[in-house]
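Build me a structure from this.
(one chain, ligands or ions: 1)
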Amino acid sequence: MNSNVWVIPEWSDDLVRGGFSFRQGGFSEGPYETLNLGAKVGDDIEKVRMNREVVATAGFGPQTEWVMAQQVHGHNVGVVGRRERGAGVTLEMPPIQDCDALVTNEPETTLVILTADCVPVLFYDPVHRAIGAAHSGWRGTTQHIVQQVILHMQFLYMTEARDLRVAIGPSIHRCCYEVDEPVADIVRNEFGENYLVSRFQKPGKYLLGLQDCIKRDLIQMGVSPANIEDAGLCTSCHTDLLFSHRKEQGKTGRECGIIRLNHFE
Ligand SMILES: [Zn+2]
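Numbering: from 1, shown residues only. Next up, the predicted model:
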């Protein structure tokens, strides 16, 4: 096990590798200290490339086989394969446009989602050998992006929800995630009042657990609760381990959710 990347133990057969990165063991300095994987947060690009190499060598394939999404807080799913490899890695090949989730059944194609509070969610169908990765902040969550991923996997790969393994990565939790009335209203409409906790003596302010909303969406689609894993780590509570956009007031790096199918002999 690599200390920079938490590899999901139950999935670590020879066929798939999924995990979430932490912020230690990289080369970046200042607010990006040290394993920043985001190329658009103001950090030195060469250091970002070196940091990504640290993650790549933890069993996630060369960067030329990585695929990244533009991540625009929407609900679109990009279907990728061999031809999209390298998207988001170099300036010549931009990330997959206008999407916040990626799916593939192509071996040796690594899906990468960058976050710093938003929820990274990884999907693995061991029966039909397909994977997915999603970026689910409050906008993605209230647009039910995880359900979009499952719908795509069902249509494209014949995935059955009951076979799916899902992992929810480090992200801001209810302890630290305060939202105001406009966001609360959308959550109320999509998930109901039960997902909001009113703040004591702070009218119009609520605590929200995006992870609970995501789990509800997964279970509603037929994913078994026993097949949902949660890193259970709050980014805002653990800025020693993780980047937190909110806690660090926007000046910080990005960690990742990353998943890859290995070649099947
Ligand atoms: Zn917290």
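
The worst-scoring helix or strand of the chain on mean pLDDT packs against which elements?
Within the chain, no helix or strand scores below strand 5-7, which has a mean of 92 by mean pLDDT, DSSP states H and E. If you count contacts as 3 or more Cβ pairs under 8 Å, 6 or more residues apart in numbering; DSSP states H and E, strand 5-7 packs onto strand 16-21. In short, each C-beta sits where N, CA and C put it, glycine included.

Pull up the pairing partners for the strand it packs on, direction included.
Here strand 16-21 has these sheet partners by DSSP bridges: strand 5-7 (antiparallel), strand 255-261 (antiparallel).

who's in contact with it?
Here strand 16-21 makes contact (Cβ atoms under 8 Å, 6 or more residues apart in numbering) with 4-8, 11, 35, 37, 55, 58-60, 120, 122, 124, 126, 131, 167, 169-170, 231, 255-262.

what about burial for the residues you listed, which qualify?
Buried members of the contacts of strand 16-21, counted by 16 or more other Cβ atoms under 10 Å: 4-8, 11, 35, 37, 55, 58-60, 120, 122, 124, 131, 167, 169-170, 231, 255-261.

from what I can see Asn262 touches Glu108, true?
Yes: if you go by Cβ atoms under 8 Å, Asn262 and Glu108 touch, sitting 7.1 Å apart.

For the chain, which residue occupies the most central location?
Pro120 (1.8 Å; Cα atoms, centre = their mean).

Tell me what that one is bridged to.
Counting by DSSP bridges, the residues bridging with Pro120 are His135.

same deal with the one 5 residues further on?
Beta-bridge partners for Asp125, by DSSP bridges, are Ala130.

That one: how many residues sit nearby?
When neighbours are defined as other Cβ atoms under 10 Å, Asp125 has 23 of them.

so who does it touch?
131, 153, 157, 159-160, 163-165.

change it to 7 Å
The contact partners of Asp125, taken as Cβ atoms under 7 Å, 6 or more residues apart in numbering, are 153, 157, 159, 163-164.

From the ion, how far off is it?
As judged by Cβ to the ion, to the nearest Å, Asp125 and the ion stand 31 Å apart.
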